[in-house]
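just coords:
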């Protein structure tokens with residue numbers, strides 16, 4: 001949590017999500033019980049879906065001002081593919097023989113994109129933002145994480161604008177209903193965002 005003398009860092013918050021996905025997939029691969037695998041897979045799907053939409057409606061909207069407008073468009077294209085793969089994982093039962101491969105494709109696409117962000121984009125963001133701007137963007141990202149859908153919606157708008165935000169609010173409500181009706185369970189995350197921002 002930021003204090004009067006410290007600021008949140010959006011690049012740290014983004015990387016924290018990336019690290020949670022990496023950790024969750026390692027836990028998934030190590031799990032031997034089907035129920036445990038399903039619970040970890042639910043969490044992986046949720047975290048990849050939330051992360052992508054939260055970036056699109058917050059961080060990527062500031063990319064043009066940072067001279068990264070083309071990068072935002074490229075990232076949204078990659079996100080579209082990741083969402084399709086995560087949707088496939090969400091739509092396939094963990095008990096199916098092909099599930100490990102379906103989930104691995106989604107996670108591999110996410111991690112490849114994450115590594116590109118970490119190596120090429122996050123250092124530029126840190127360099128170009130003042131501590132105050134960085135803090136503001138980090139808070140926008142964290143707030144977006146609480147408002148976006150918790151499951152993939154690859155056919156929803158990805159503009160980062162009002163259409164995506166409106167569809168996201170409706171999708172988030174729908175996702176809560178689906179998760180409740182299906183009785184989806186989730187594991188705790190290794191890395192935590194600040195609870196107050």
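Ah, there it is. Since this is a predicted model, take the numbers as computed values, not measurements.

could you point out which element follows the one helix or strand residue 127 maps to?
Secondary structure from DSSP states H and E places residue 127 in helix 122-128. Where DSSP H and E defines the elements, the next helix or strand beyond helix 122-128 is helix 131-145.

For that next one, name the packing helices and strands.
Here helix 131-145 touches helix 10-30, helix 34-57, helix 122-128, going by 3 or more CB pairs under 8 Å, 6 or more residues apart in numbering; DSSP states H and E. (Glycine included, C-beta is placed from N, CA and C.)

quick one: residue 16 from residue 84, how far?
Distance of residue 16 to residue 84, computed by CB to CB, to the nearest Å: 25 Å.

Ok, residue 97 next?
From residue 97 over to residue 84 the distance is 21 Å, taken as CB to CB.

Let me have the helices and strands packed on helix 131-145 in CSV, adding mean neighbour count, distance to residue 114 and mean pLDDT as columns.
As requested, these are exported to CSV (neighbours: other CB atoms under 10 Å; distance: least, CB to CB, whole Å; pLDDT from 0 to 100):
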stretch, mean neighbour count, distance to residue 114, mean pLDDT
helix 10-30, 19, 4, 98
helix 34-57, 22, 9, 95
helix 122-128, 15, 10, 95
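
For residue 69, which of the ones you listed is the nearest?
helix 122-128 (12.6 Å; CB to CB).

Need the contact partners of that closest one.
Helix 122-128 is contacted by residues 9-11, 14-15, 59, 66-68, 134, 137 when judged by CB atoms under 8 Å, 6 or more residues apart in numbering.

Skipping its backbone neighbours, what lies nearest the residue nearest the centre of the chain in space?
Closest to where the C-alpha atoms of the chain average out (CA atoms, centre = their mean) is residue 51, at 1.4 Å. Leaving aside its sequence neighbours, residue 51 sits nearest to residue 17 (CB to CB, 6 or more residues apart in numbering; 4.3 Å).

tell me the contacts of that neighbour?
Residue 17 makes contact with 47, 50-51, according to CB under 8 Å, 6+ apart.

re the thing from before, quick one: which of residue 97 and residue 84 has more around it?
Ranked by neighbour count (other CB atoms under 10 Å), residue 97 and residue 84 place residue 84 first, with 15 against 6.

Who are the packing partners of the strand or helix carrying residue 90?
If you go by DSSP H and E, residue 90 is part of helix 69-91. Applying 3+ CB pairs under 8 Å, 6+ apart, we find helix 69-91 packed against helix 34-57, helix 99-116.

quick one, the shortest one and helix 34-57 angle?
Here helix 99-116 runs at 30 degrees with respect to helix 34-57, directions being taken by axes from the mean of the first three to the mean of the last three CA atoms, to 10 degrees.

that older thread, which one of the contacts of residue 17 sits closest to residue 102?
Among the contacts of residue 17, residue 47 lies closest to residue 102 (CB to CB), at 16.6 Å.

What is the burial count for the nearest residue to residue 63 once chain neighbours are set aside?
Nearest residue to residue 63, sequence neighbours excluded (CB to CB, 6+ apart): residue 72, at 3.7 Å. Residues contacting residue 72 under the criterion other CB under 10 Å number 20.
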